[in-house]
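>>> Sequence first, predicted coordinates after that:
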Amino acid sequence: MNVLLKLSQSKNTVFSFDELQDIFWIENKQVFKNKLSSYVKKWILERISKWIYSLKDKKIDRFELANKIYSPSYISFFTALYHHWIIFQYENDVYLAYKKSDIKKIADFDIKLKCLKKDILLNPTWIVNNWTYSIAWAERAFLDTIYLYWDIYFDNLDKIDYEKVLELLDIYKKKSLEKKVKSYFDKY
């Protein structure tokens, strides 16, 4: 099968250097770098970030791109809360749980990295991996947000399963968090 056809039919919208090398089946890194450079010059591939490429003119999935650039990470906070209809304020930026905090401007949006302790970040409970990106379930995003921001307004707590939230509290190892969670559901 033609490599470019394979790329265009892929569910991925962005590709790492290693993924492309596997698809092209070129073991020699220098030969492969030259091939990639040639495809970029011919406007077939576009370099999005260091070692991250997409097909020229193919719409990029922001979530996939953010997870490819920063790993290990998962989409959470305001991005996941909007995705699950817990908050209604749309923001084009992508919020990621990551090992450090930072903001990176990429294409037409910012990737907002929020630092979570390693024990929390690497715990896979209630993180969904759909093979192109990883995103927190509503309950996990709710707790991540309260853990970092503390006083936040949520538009629709009906979508949150309180029992799941209570199960997840152990991940955070913060006694005051349970009290804060209860205050949200007591009001509601």
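Looks like it arrived, so ask away. Numbering: from 1, shown residues only.
>>> For the helix or strand that contains residue 34, which helices and strands make contact with it?
When elements are defined using DSSP states H and E, residue 34 is found to belong to helix 29-41. Other elements packing on helix 29-41 under the criterion 3 or more C-beta pairs under 8 Å, 6 or more residues apart in numbering; DSSP states H and E are helix 17-24, strand 45-49. Yep, even glycine has a C-beta here, placed from its N, CA and C like the rest.
>>> which of the ones you listed sits most buried?
Most buried of those, by mean neighbour count (mean count of other C-beta atoms under 10 Å): strand 45-49, with a mean of 17.
>>> Pull the next helix or strand after it out as PDB, backbone CA atoms only.
Toward the C-terminus, strand 45-49 is succeeded by strand 52-55 as the next helix or strand (DSSP H and E). Coordinates of the C-alpha atoms in strand 52-55 are reproduced here as PDB (Å, rounded to 0.1, in the frame of the first residue of the first chain):
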ATOM      1  CA  ILE A  52       5.600  15.900  15.100                       C
ATOM      2  CA  TYR A  53       4.100  16.000  11.600                       C
ATOM      3  CA  SER A  54       0.800  16.000   9.900                       C
ATOM      4  CA  LEU A  55      -0.400  15.600   6.300                       C
END
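>>> any idea of the angle the following helix or strand past strand 52-55 forms with strand 45-49?
Next helix or strand after strand 52-55 toward the C-terminus (DSSP H and E): helix 62-69. If you take axes from the mean of the first three to the mean of the last three C-alpha atoms, to 10 degrees, helix 62-69 sits at 70 degrees to strand 45-49.
>>> mind putting the helices and strands packed on helix 29-41 in a markdown table, mean pLDDT included?
Below are the helices and strands packed on helix 29-41 laid out as a markdown table (pLDDT from 0 to 100):
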| stretch | mean pLDDT |
| --- | --- |
| helix 17-24 | 89 |
| strand 45-49 | 91 |
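>>> Redo these as TSV? Include distance to residue 108.
Formatted as TSV, the helices and strands packed on helix 29-41 follow (distance: least, C-beta to C-beta, whole Å):
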stretch	distance to residue 108
helix 17-24	23
strand 45-49	12
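>>> Give me the mean pLDDT for the helix holding residue 34.
Taken as a whole, helix 29-41 has a mean pLDDT of 91.
>>> Could you check it and say which residues are buried?
Residues of helix 29-41 classed as buried: 32, 35, 36, 39 (neighbour count, 16 or more other C-beta atoms under 10 Å).
>>> so which of the helices and strands packed on helix 29-41 comes closest to residue 181?
Closest approach to residue 181 among the helices and strands packed on helix 29-41 is made by strand 45-49 (36.6 Å; C-beta to C-beta).
>>> mean confidence score for stretch 67-82?
Here the average pLDDT along stretch 67-82 is 96.
>>> quick thing: my sequence starts at 3, can you match it?
With 3 as the first residue, the last one maps to stretch 69-84.
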